[in-house]
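Visitor: return a 3D structure for these sequence lines:
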Amino acid sequence: MKGLLDILRGVAIGVANIIPGVSGGTMAVSMGIYDKIIGAVSGLFKHFKQSILTLLPLGVGMGIGIVAFGYALRYLLAEHTLATCLTFVGLILGGLPILWGRLRQSWAQKARKGAPVGEVICFAALLAFGVGMALMQGGDETIKTLTLTPGTALLLAALGLIASATMVIPGVSGSMVLMVLGYYNTILDLVTGCVDGLVAGDFGLIFHNVCLLAPFAVGVALGIFGIAKIIEYLFAHFPSQTFAGIIGLIVSSPFAMLYSSGALARFSLPGLIAGLVLGAAGAWVTLLMGKADPE
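Guide: Now for the predicted structure:
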């Protein structure tokens, strides 16, 4: 049951990672497993078996979420933008009560009362950063045709490094960063192209896309390992400031999601009603998963 729950959590994180404006790190925080993932990644070589047992079901779920929902999300974001966005807003905000409790716990351990200046500054600064990232987003970029050359491999590895480092940080969307850089649709097209090749039995297409995704995946792995060490240090030495900053980023996520997707420009009353209902359901699911013991 625990393994299945972790796979489902991984699916949610994977789906979140491919939606501009939604952070996979935020989803992990909302479900109460963020520090568990960071600890497993940073301690991979020191506690190899335990880390693999922790990361494997989550990784499987993330793979399923990214590949299986790539097509569905393209359709839902194109045809039911507002309802889809509000659903994910609910999924994100559903974890705030648990995160707020963790922040208050860190205050209590230091015998603090109220909101110290440092925490308020971290909250405000990272709230502004999250909103700013959304405002920096460019228009819809065209899908770039890539050929497998050493230069392309280095570019894809660099993109994976940048995107993964931001994916790990709660409230910062790696997909949005790729969109700002102009490569979001290109990377998503490579992922869905693998599925196209598999369905059509075109192993040449699969091989081509996998070869292009491989350096991107290497960059992703390097970025995750690098940033995990930094975040582990921050949680160990500045827990309340780190939690306050993460809450600021999470609070900015609804704006980032709705702005980057153009959902408000496609407003409809049925979409609003469906989105509010689905968003409430999503918040309830996230809250339940966050309260489930992740250990």
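
Visitor: correct me, but A280 touches L93?
Guide: No - at 10.1 Å, A280 does not count as touching L93 under the criterion of C-beta atoms under 8 Å. All C-beta spots, glycine's among them, are computed from the backbone N, C-alpha and C.

Visitor: more crowded one of the two?
Guide: Taking other C-beta atoms under 10 Å, A280 and L93 do not tie; L93 has more neighbours (20 against 14).

Visitor: just give the nearest non-adjacent residue to that one, would you?
Guide: A283 (5.8 Å; C-beta to C-beta, 6 or more residues apart in numbering).

Visitor: right, and the one you found touches G90 too?
Guide: Yes - when contacts are counted by C-beta under 8 Å, A283 is listed as touching G90 (4.1 Å).

Visitor: where in the stretch 51-200 of the chain is pLDDT low?
Guide: For the stretch 51-200 of the chain, applying pLDDT under 70 flags the ranges 109-115, 134, 136-144, 165-167, 170-173, 176, 179-182.

Visitor: give me the distance between I52 and I162.
Guide: Using C-beta to C-beta, to the nearest Å, I52 is found at 26 Å from I162.

Visitor: buried stuff in the longest helix seen in the chain?
Guide: When the chain is parsed with DSSP state H, its longest helix is helix 203-237. Buried residues in helix 203-237, counted by 16 or more other C-beta atoms under 10 Å: 206, 208-209, 212-213, 215-216, 219-220, 223-225, 227-228, 231-232, 234-235.

Visitor: one more: stretch 119-135?
Guide: Neighbour-count burial for stretch 119-135 flags E119, C122, F123, L126, L127, F129, G130, V131, M133, A134 (criterion: 16+ other C-beta under 10 Å).

Visitor: convert the C-alpha atoms of that stretch to CSV, please.
Guide: C-alpha atoms of stretch 119-135 as CSV (Å, rounded to 0.1, in the frame of the first residue of the first chain):
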residue,chain,number,x,y,z
GLU,A,119,10.6,35.1,8.0
VAL,A,120,8.4,38.0,6.7
ILE,A,121,11.2,39.2,4.4
CYS,A,122,11.7,35.7,3.0
PHE,A,123,8.0,35.2,2.5
ALA,A,124,7.6,38.6,0.7
ALA,A,125,10.8,38.3,-1.4
LEU,A,126,9.9,34.8,-2.7
LEU,A,127,6.3,35.7,-3.3
ALA,A,128,7.5,38.6,-5.5
PHE,A,129,10.0,36.2,-7.2
GLY,A,130,7.3,33.7,-8.0
VAL,A,131,5.0,36.4,-9.5
GLY,A,132,8.0,37.9,-11.4
MET,A,133,8.8,34.6,-13.0
ALA,A,134,5.3,34.4,-14.4
LEU,A,135,5.4,38.0,-15.7
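
Visitor: let's number from 56 now, not from 1
Guide: With the count now opening at 56, the last piece we talked about shows up as stretch 174-190.

Visitor: where does the closest residue to L181 other than its chain neighbours sit, in terms of helix or strand?
Guide: Spatial nearest neighbour of L181, excluding adjacent residues (C-beta to C-beta, 6+ apart): G303 at 3.9 Å. Here G303 sits within helix 294-316, counting by DSSP states H and E.

Visitor: any idea of the mean pLDDT in that helix?
Guide: In this model, helix 294-316 has a mean pLDDT of 78.

Visitor: next secondary structure after that helix?
Guide: For helix 294-316, the following helix or strand on the C-terminal side (DSSP H and E) is helix 324-346.
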